[in-house]
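Student: okay, sequence plus prediction incoming.
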Amino acid sequence: MADKVELNSPPTDGITRVVFAPTSNDLLASSWDKTVRLYDTDSNTMRRQFDTPAPCLDTCFLDGTRGFAGCVDKTVRSFDFASGQQSVVGVHDNAVKAVEYDAAKGRALQFRAQVTPPFC
């Protein structure tokens, strides 16, 4: 059994998703604390923190330099790891509960949360 490793500078609230980069040991973590954090797990350091206006429910890598997140404020955000810039690349009617990058089609797939009417 491998030793447990705790990341330095973890999110301050519940983590909603963690995902490893396809070609490195970098890790993205989205959280209820309104952040998306990029970690270098080899050196156990946080490389970048992206503050967002609302909690993010999911995150994914585009490649080693960029990522996406789906957030409760109905947005899909793109993050540039080198510059630290973020931008809104999609807006939905409801919270975005899942986002994945489809490399074959070269685009992010976004899945919004379904709103269920209250029971009578």
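Tutor: Received the coordinates, thanks.

Student: so where's this structure shaky on pLDDT?
Tutor: Applying pLDDT under 70 to the chain flags the ranges 1-2, 102, 104-120.

Student: which parts of it are strands?
Tutor: In the chain, the segments counted as strands under DSSP state E are 15-20, 26-31, 35-40, 45-51, 56-61, 66-71, 75-80, 86-91, 96-102, 107-112.

Student: mind checking which of the ones you listed is nearest N8?
Tutor: Checking the strands of the chain against N8 by Cβ to Cβ gives strand 45-51 as the closest, at 6.3 Å. The way it works is simple: take the backbone N, C-alpha and C, and place the C-beta from them, glycine included.

Student: CSV for the strands of the chain, including mean neighbour count and distance to N8?
Tutor: Putting the strands of the chain into CSV (neighbours: other Cβ atoms under 10 Å; distance: least, Cβ to Cβ, whole Å) gives the following:
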stretch, mean neighbour count, distance to N8
strand 15-20, 16, 15
strand 26-31, 23, 12
strand 35-40, 21, 8
strand 45-51, 15, 6
strand 56-61, 24, 19
strand 66-71, 25, 20
strand 75-80, 20, 20
strand 86-91, 14, 22
strand 96-102, 18, 26
strand 107-112, 16, 29
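
Student: do you know how far the most centrally placed residue in the chain is from T12?
Tutor: For the chain, T59 is the residue whose C-alpha lies nearest the centre (Cα atoms, centre = their mean; 2.5 Å). Applying Cβ to Cβ, to the nearest Å, the value for T59 to T12 is 17 Å.

Student: swap in T23?
Tutor: 29 Å.

Student: could you do R37 as well?
Tutor: As defined by Cβ to Cβ, R37 lies at a distance of 11 Å from T12.

Student: now for those two: what residues contact both?
Tutor: Taking Cβ atoms under 8 Å, 6 or more residues apart in numbering as the contact rule, R37 and T12 both touch S31.

Student: thought the residue nearest to the centre of the chain was touching F68?
Tutor: Yes. The criterion here is Cβ atoms under 8 Å, and T59 meets it with F68 at 6.7 Å.

Student: quickly list what's touching both of these two.
Tutor: The overlap between the contact sets of T59 and F68 (Cβ under 8 Å, 6+ apart) consists of V99.
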